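Colleague: predicted coordinates and the sequence they were generated for:
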Amino acid sequence: MADFNKILNTIDSNIDSEINLFNHELKSILSTMANLVKNRAIENYTDPLEFDFAMQQVLADSGYYDLVDDFINKSYDKNYNEIISLFQSSGLLTTFSEADIADIKAIKKLDLEFFKSIGNQASLKLKADLYKYSLSNLSTDEMVENIANSLKDTDLVRYSSTYAETAIGNFNQAIIDLKSVDLKDTVRIYTGVLDKKTRTFCKCVLKQRKYYNNSEGMKLKSDPRRAYNCRHLIIPVSLSFATERGYTSGKFTC
Ligand SMILES: [Zn+2]
């Protein structure tokens with residue numbers, strides 16, 4: 001039976017390497033996107049209202065949709081075995097059922113729609129800006145420069161990386177939650193890395209070493225202070241597993 005902490009580390013490093021891969025790809029996609037936006041802005045200068053179709057094409061041609069598709073359909077899938085082993089290592093037995101697989105597909109579909117909506121939002125913003133610039137007395141060069149700056153200011157450019165890190169963390173938590181519902185007589189503990197990047201709130205919760213009932217676990221899960229980029233997970237374990245490791249009953253008071 002593999003060690004609980006070792007499995008947690010594997011989950012964490014699997015997520016890290018998928019995020020690094022995503023960020024690496026995203027960087028080159030964004031630079032391709034910036035060039036394509038400039039070119040298409042010139043082409044659509046005469047009719048800026050058609051630009052959102054052009055922008056959808058830019059998103060496709062730059063590889064943005066392929067990136068999010070791979071992220072959700074490949075990167076998301078790296079931890080199923082680890083999650084099952086994690087449950088087993090604390091003495092809980094579980095497997096994925098047909099119903100779980102349907103739920104997993106539904107979660108993925110929602111996330112895919114979310115990333116697409118970030119793309120749509122960027123298209124609409126650039127179209128509106130291009131229209132605005134075309135009504136002004138800007139030269140073509142100035143207009144192209146402005147539209148390139150507009151792109152930099154979209155959520156797609158500014159937050160895609162944060163969204164990805166948050167989404168993959170939430171996905172792993174959702175898979176754990178799926179399996180937690182069937183388990184009786186378990187408590188929840190807060191787990192994960194404690195390093196320089198760990199925010200004050202998470203550090204405080206980790207250091208308290210409390211175990212929680214389900215509703216306190218839910219409260220912790222949705223606490224706004226861990227809303228973005230949190231690398232921690234709330235995991236069900238048996239009561240004896242928690243107490244043997246020095247966890248005490250309580251609430252998080254951070
Ligand atoms: Zn955290």
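Modeller: Here it is on my side, so go on. Numbering: from 1, shown residues only.
Colleague: which ones are touching the residue positioned nearest the centre of the chain?
Modeller: For the chain, the residue lying nearest the average C-alpha position, counting by Cα atoms, centre = their mean, turns out to be Ala167 (1.8 Å). With contacts taken as Cβ atoms under 8 Å, 6 or more residues apart in numbering, Ala167 has the following neighbours: 72, 111, 114-115. Placement of C-beta: from N, CA and C, glycine included.
Colleague: try 7 Å
Modeller: Neighbouring residues of Ala167 by Cβ atoms under 7 Å, 6 or more residues apart in numbering: Asp111.
Colleague: does the ion have contacts with the biggest helix by length in the chain?
Modeller: The longest helix of the chain (DSSP state H) is helix 4-43. No - looking at helix 4-43 against the ion by Cβ under 5 Å from the ion, there are no contacts, and the closest approach is 11.3 Å.
Colleague: do the same with stretch 228-245
Modeller: Yes - taking Cβ under 5 Å from the ion as the criterion, stretch 228-245 and the ion are in contact, through 230, 232.
Colleague: give me the buried positions along that stretch.
Modeller: When burial is assessed from 16 or more other Cβ atoms under 10 Å, stretch 228-245 yields the following buried residues: 230-237, 241-242.
Colleague: rewinding a little: quick one: distance of the longest helix of the chain to the chain centre.
Modeller: In terms of Cα atoms, centre = their mean, to the nearest Å, the gap separating the centre of helix 4-43 from the centre of its chain is 11 Å.
Colleague: and stretch 58-74, by the same measure?
Modeller: 14 Å.
Colleague: could you measure Gln56 against Ile29, distance?
Modeller: Between Gln56 and Ile29 the distance, using Cβ to Cβ, to the nearest Å, works out to 15 Å.
Colleague: kindly report the same for Asn146.
Modeller: With the distance defined as Cβ to Cβ, Asn146 ends up 22 Å from Ile29.
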